[in-house]
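S.K.: Mind folding the following:
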Amino acid sequence: MAKLFDPFQIRSLTLKNRVCVSPMSQYRAKDGVANDWHFAHLSRFALGGCGIVFTEATAISSDGRRTHGDLGLWNDHQLDALKPITKFIKAEGSIVGIQLSHAGRKASERRPWHGESPVNEQDVKERNEAPWAAIGPTNEPYGKEWPAPKIMTDEDIHQIIEDFGLAAARADSAGFDAIEVYAAHGFLLHQFYSPLCNTRSDQWGGSFEGRIKLALDVASSVRKNWPAEKALFFRISATDWIDGGWTVEDSIQLAKALKDRGVDVIDCSSGGIGGPHPPISFPIGPAFQAGFSKEIRQNVDIATMAVGFIWDARVANTVIESGQADLIAIGRELLNNPNWPLQAAKEIAADDDYSLWDPAFGWWLNKRERVMRKLGLR
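M.R.: Just a heads-up that it's a prediction; the model follows:
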């Protein structure tokens, strides 16, 4: 059996394999509430054999949404809408996780197919979707033509910390097994720890310790409101890829501090800080971010997850077997092929008789395989 399909233990949770569904925003919610689209979208990954299924970025407050279509978990109506999803995914043998987020200065954005630009009066006319005020560590906009965010006060920051904790408690009530805090790709927590964005001079900025304080306090707030037996992931941008920005060495120090706050897994992505910086250029190829995962894993003694340009089963298995990561996060390839884990198992000789498939599927496929071999078609 290839190591990609070995079980993995996190606290009381046992993942049946190392394949995780990377959070992928669908922009199909209304007022933050999940619907049939989200049920179908997420459930098919459980049927496809993923070890853990994460929801898309789920906002902890209404002004923390990136778009009008984002999921949310700031009220009980949103909580109740998620319960059928968690129930089904767990019944099919997968762990179910939720990614909690706050977009910070990236908030009030149009959906990708509407332009990925700030919401304005055109959206009010065409979709009855009004803009709202974004917040951030400073008043530096996310990009050109973006409005300046409101500079966050102490009160604002403490409210964010509390909101993450309240969302964690709701996630527990909704039946989730794992939480991932979204602290990458230019979202609020990344905005605070990156020196390219956070130029504050108070306790929430300036020094390295000041810039990571919000991330650490959020981790503590989530863990305080999250059962000890359940897993806590933290997605970071391991580097900004820009001179003078956040580095892998910074990520190692952050990961050490997060581990002390009860974080179990560091999800290692990169880039996305935004702001008035030149377009970043970096090498892209299969599993190109796995090196970050390896460095953090080896220097911090914490479990890590590799993500980015992983679609080949043998590459994914090599990342695990070579010790670069404990888990693999796959996104767009699963949209293309929700059965990727099961087909990957067959490809690398971990499952040649469809035994990993649910019998409702596997029985039919195994029968077809036997017939085709008998007829000499395989």
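S.K.: How many neighbouring residues does Pro7 have?
M.R.: 10 (other C-beta atoms under 10 Å). Yep, even glycine has a C-beta here, placed from its N, CA and C like the rest.
S.K.: so where does the residue lying closest to it once chain neighbours are set aside fall, helix or strand?
M.R.: In space, not counting the residues next to it along the chain, Pro7 is nearest to Thr14; the distance is 5.4 Å by C-beta to C-beta, 6 or more residues apart in numbering. Assigned by DSSP states H and E, Thr14 falls within strand 13-15.
S.K.: Can you spell out which helices and strands pack onto the helix or strand that contains Leu216?
M.R.: Per DSSP H and E: Leu216 is located in helix 208-224. The criterion is 3 or more C-beta pairs under 8 Å, 6 or more residues apart in numbering; DSSP states H and E, and the helices and strands that helix 208-224 contacts are helix 154-174, strand 178-183, helix 188-193, strand 231-237, helix 248-260.
S.K.: Dump those to CSV, plus mean neighbour count, distance to Trp37 and mean pLDDT.
M.R.: Below are the helices and strands packed on helix 208-224 laid out as CSV (neighbours: other C-beta atoms under 10 Å; distance: least, C-beta to C-beta, whole Å; pLDDT from 0 to 100):
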stretch, mean neighbour count, distance to Trp37, mean pLDDT
helix 154-174, 19, 17, 98
strand 178-183, 27, 21, 98
helix 188-193, 28, 26, 98
strand 231-237, 26, 23, 98
helix 248-260, 19, 33, 98
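S.K.: Adding distance to Gly291 as columns, could you present the ones you listed in TSV?
M.R.: As requested, these are exported to TSV (distance: least, C-beta to C-beta, whole Å):
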stretch	distance to Gly291
helix 154-174	29
strand 178-183	20
helix 188-193	19
strand 231-237	14
helix 248-260	8
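S.K.: among the ones you listed, which is nearest Ser270?
M.R.: Nearest to Ser270, of all the helices and strands packed on helix 208-224, is strand 231-237, at 5.1 Å by C-beta to C-beta.
S.K.: May I see the buried residues of the strand holding Thr14?
M.R.: For strand 13-15, a neighbour-count test (16 or more other C-beta atoms under 10 Å) marks Leu13, Leu15 as buried.
S.K.: what residues does it touch?
M.R.: Pro7, Phe8, Gln9, Gly51, Ile52, Ile95, Asp177, Ala178, Glu229, Lys230, Ala231, Leu327 (C-beta atoms under 8 Å, 6 or more residues apart in numbering).
S.K.: List the contacts of the helix holding Leu216.
M.R.: Where contact means C-beta under 8 Å, 6+ apart, the residues beyond helix 208-224 that reach it are 100, 157, 160-162, 164-165, 168, 179, 181, 183, 188-189, 192-195, 198, 200, 202-205, 232, 234, 250, 253-254, 257-258, 261-263.
S.K.: what's the answer for stretch 118-136, then?
M.R.: Counting contacts by C-beta under 8 Å, 6+ apart, the residues touching stretch 118-136 from outside are 62-63, 67-68, 103-110, 114, 142, 145-147, 149-152, 156, 188, 191, 197.
S.K.: Give me the distance between the two termini of it.
M.R.: Its first and final residues considered, stretch 118-136 spans 15 Å by C-alpha to C-alpha, to the nearest Å.
S.K.: can you pull the buried residues of it?
M.R.: Neighbour counts over stretch 118-136 (16+ other C-beta under 10 Å) mark Pro118, Val119, Asp123, Glu129, Pro131, Ala134, Ile135, Gly136 as buried.
S.K.: what's the answer for stretch 273-292, then?
M.R.: Of the residues in stretch 273-292, those with enough neighbours to count as buried (16+ other C-beta under 10 Å) are Ile273, Gly274, Gly275, His277, Ala287, Gln289, Ala290, Phe292.
S.K.: Just the closest of the residues you listed to Arg378, please.
M.R.: Nearest to Arg378 among these is Ala287, at 30.6 Å by C-beta to C-beta.
S.K.: got a list of what that closest one touches?
M.R.: If you count contacts by C-beta under 8 Å, 6+ apart, Ala287 has them with Ala306, Gly308, Phe309, Ile310, Val315, Ala316, Val319, Gln324.
S.K.: Where does the fourth one fall, secondary structure wise?
M.R.: Using DSSP H and E, Ile310 maps to neither a helix nor a strand.
S.K.: same deal with the last one?
M.R.: With elements delineated by DSSP H and E, Gln324 resides in a region that no helix or strand encompasses.
S.K.: And the first one, by the same measure?
M.R.: Under the criterion DSSP H and E, the helix or strand holding Ala306 is strand 303-307.
S.K.: Packing partners of that strand?
M.R.: On a contact count with 3+ C-beta pairs under 8 Å, 6+ apart, strand 303-307 meets strand 265-269, helix 290-300, strand 327-330.
S.K.: Does anything pack onto the lowest-mean-pLDDT helix or strand in the chain? Which helices or strands?
M.R.: Of all the helices and strands that make up the chain, the one with the lowest confidence by mean pLDDT, DSSP states H and E is helix 359-374; it has a mean of 93. Other elements packing on helix 359-374 under the criterion 3+ C-beta pairs under 8 Å, 6+ apart are absent; no helix or strand qualifies.
S.K.: I would like the residues contacting it, please.
M.R.: For helix 359-374, contacts defined as C-beta under 8 Å, 6+ apart pick out Leu47, Asp353, Tyr354, Ser355, Leu356, Trp357, Arg378.
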